[in-house]
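Enquirer: I'd like to go over a predicted model; first the sequence, then the structure.
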Amino acid sequence: MLSDVDNGLVSTVIVKDLSRFGRDHIMVGYYTEMYLPSNNVRFIAINDNVDTADERSNEFAPFTNVFNEWYARSASKKINAVFKAKGESGQRLGSAIPYGYKANPDNPKEIIIDEEAAKIVRYIFELCMCGKGPGKIAKQLTEEGISTPMMYFREHGMPCRTKVNMSNVWCNRSVAGILENMTYIGHTVNFRTATVNYKTHKKVRLPKDKWIIFENTHPPIIEISAWEKVQELRKNKRRYTKSGKKSIFAGLLECADCGAKLYFCTSRAHKEDHDYFVCSNYKGNTGICTVHYIRENAIYNVVFEQVQLMLRYLQSFESDFVKSLVDKSAKDKKKEIALRRKKLEANKARISELDGIFKRIYEDNISGKLSDERFSKLSVDYEREQKQIIEDTVALESELNQEAEQVDNVEYFLSIVRQYTEIKELSARVVNDLIDKIKVHAVDKSSGQRVQKIDIYYTAVGLIDVSQHMQELA
């Protein structure tokens, strides 16, 4: 309409009332009092008795526009209140169903796994575990002819916001969004975005401390352990160097002295066995750390040898390995945990009992049955006891959680190791599955020879000295 007005094709604009033209009083005032009259266009709002051809009819138009905007603001507040209450109760906000899921036929408000799309989601996470970033993954999905989420929704008759001519090319942002989405581990995350205000539909992304996360609200597609590993890989992005090379260890190596990451350095002019890592805090003679120089092939050989040794050891002595990590046999551990749980329950009962005692002695003091001096002494003693019990309870809960987590971590590590009966070479997938980080120490030349120590921290279980375990068995 504005284009037609600019081209002189409109002589009169007629609306039912001013609210149908707009509820932003500034913009409505601009168009009805300045823009349209300057283009010789007459404006009529029938129910509000507004006609720009009659100046007397426009006297109350500004007030009407303000009330129209106030109504929009009030309605927005009410809708936001309902929206907030819904989100805080754990209900999934928004009508869009995440890729990999579909509406439950028995309860449309719930979502269930769509196995056909879920396979692609798992495939994307698998490619990331193999060392590929969103760009490489998007390119591979496009080359393999896999439908994008929007194309998939349209092909299966599912609701989606699509254009008529839609491209079937995956983009980096779509892949990254899938890799970072907590929906795939069964969690509902509300309030990730918000509109600027009621006058605009523009959305802004909220910081994570504003999110509200409800765990285990629907079936997961990806295991939490795998999702957390991918987030760690995404945090330590492994980019290609200028020479076009990329190391399977990039992002995993840390300086044992300053804790900084080790940079992967290479050159087109050098052979592959000349590629090396250096501490990122080393800058010639002015850095805050020493070089910690180590060649990539040296890292490869040491890690490959240690991983093979660890696999052979676990295949023969898995039960001994579990026992050594958990410190005691499962039977003894269960007895110890049972005793601690019993102590924990007793502490909680005593805390509740002390609350009741506090209430009774306070009432006795108010009624005069208990003197102020006696009340003060008793309350101090009971408060001291309760404080100590609360501290002991917190410590017990922490210990129980750590012990349960330790057992779970060992079992999770073993579940990964059992997938690899034999490794003929290291790949990005093997390294990412088995290793959490590698700490590189500075070179020691005190013996007259170049000696450099590296520590391999395995996924979930940390630093393991397999040779030490084998010596203990011997």
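Expert: Yes, it's here.
Enquirer: Phi and psi next, for the residue nearest to residue 255 when sequence neighbours are not counted.
Expert: Nearest residue to residue 255, sequence neighbours excluded (Cβ to Cβ, 6 or more residues apart in numbering): residue 279, at 4.4 Å. Any C-beta I mention is one placed from the backbone N, CA and C, and that applies to glycine too. When quoted as degrees, to the nearest 10, the phi and psi of residue 279 stand at phi -60, psi 130.
Enquirer: Can you tell me how far residue 279 is from residue 152?
Expert: From residue 279 across to residue 152, the span is 46 Å (Cβ to Cβ, to the nearest Å).
Enquirer: which one of these two has more residues nearby?
Expert: More crowded of residue 279 and residue 152, by other Cβ atoms under 10 Å: residue 279, with 27 against 19.
Enquirer: Please name the residues that touch that one.
Expert: If a contact means Cβ atoms under 8 Å, 6 or more residues apart in numbering, then residue 279 has 255, 257, 258, 260, 262, 263, 287, 289, 290, 291, 292, 440 as its contacts.
Enquirer: I figured the fourth one was touching residue 289, is that so?
Expert: What that stands for is residue 260. Yes - the pair residue 260 and residue 289 passes the contact test of Cβ atoms under 8 Å, sitting 6.8 Å apart.
Enquirer: Need the overlap of contacts for the two.
Expert: Common contacts of residue 260 and residue 289 (Cβ under 8 Å, 6+ apart): 279, 281.
Enquirer: secondary structure class for residue 209?
Expert: Secondary structure for residue 209, judged by DSSP: H, G, I helix; E, B strand; the rest coil, is helix.
Enquirer: I'd like the numbering to begin with 46 instead of 1 from here.
Expert: From this message on, residue numbering opens at 46, which makes the last subject residue 254.
Enquirer: Could you check stretch 265-284 and say which residues are buried?
Expert: Residues 265-272, 274-275, 278-279, 283 are the ones in stretch 265-284 that count as buried (16 or more other Cβ atoms under 10 Å).
Enquirer: ok, and what's touching that stretch?
Expert: For stretch 265-284, contacts defined as Cβ under 8 Å, 6+ apart pick out 145-146, 158, 163, 166-167, 170, 173-174, 176, 178, 221, 224-225, 227, 229-231, 291-292, 295-297, 306, 457, 477-478, 481, 504-505.
Enquirer: ok, of these, which come out buried?
Expert: The neighbour count (16+ other Cβ under 10 Å) marks 145-146, 158, 163, 166-167, 170, 173-174, 176, 178, 221, 224, 227, 229-231, 291-292, 295-297, 306, 457, 477-478, 481, 504-505 as buried among the contacts of stretch 265-284.
Enquirer: Filter those residues down to just the ones in helices.
Expert: Taking DSSP state H, the ones among these that sit in helices are 163, 166, 167, 170, 173, 174, 221, 224, 457, 477, 478.
Enquirer: The residues you listed: which two are farthest apart?
Expert: Maximum pairwise distance in these, criterion Cβ to Cβ, is 25.8 Å, between 221 and 457.
Enquirer: so residue 46 makes contact with residue 55?
Expert: Yes - contact criterion Cβ under 8 Å: residue 46 and residue 55 qualify, at 6.9 Å.
Enquirer: neighbour count winner among those two?
Expert: Between residue 46 and residue 55, counting by other Cβ under 10 Å, residue 55 is the more crowded of the two (17 against 9).
Enquirer: Excluding chain neighbours, what is closest to the more buried one?
Expert: Residue 55 sits nearest to residue 49 (Cβ to Cβ, 6+ apart), 5.0 Å away.
Enquirer: any weak-confidence spans in the protein?
Expert: Within the chain, the segments meeting pLDDT under 70 span 206-211, 281-289, 312-317, 328-332, 366-386, 441-453, 511-519.
Enquirer: switch to 50 and redo it
Expert: Confidence mapping of the chain against pLDDT under 50 gives the ranges 373-377, 515, 517-519.
Enquirer: Go ahead and confirm residue 59 touches residue 92.
Expert: No - look at residue 59 against residue 92 with Cβ under 8 Å: they stay out of range, at 11.3 Å.
Enquirer: returning to what we had before: return the member of the buried residues of stretch 265-284 nearest to residue 77.
Expert: Nearest to residue 77 among the buried residues of stretch 265-284, with distances taken as Cβ to Cβ, is residue 279, at 51.9 Å.
Enquirer: so the closest one is in which element?
Expert: Assigned by DSSP states H and E, residue 279 belongs to helix 269-280.
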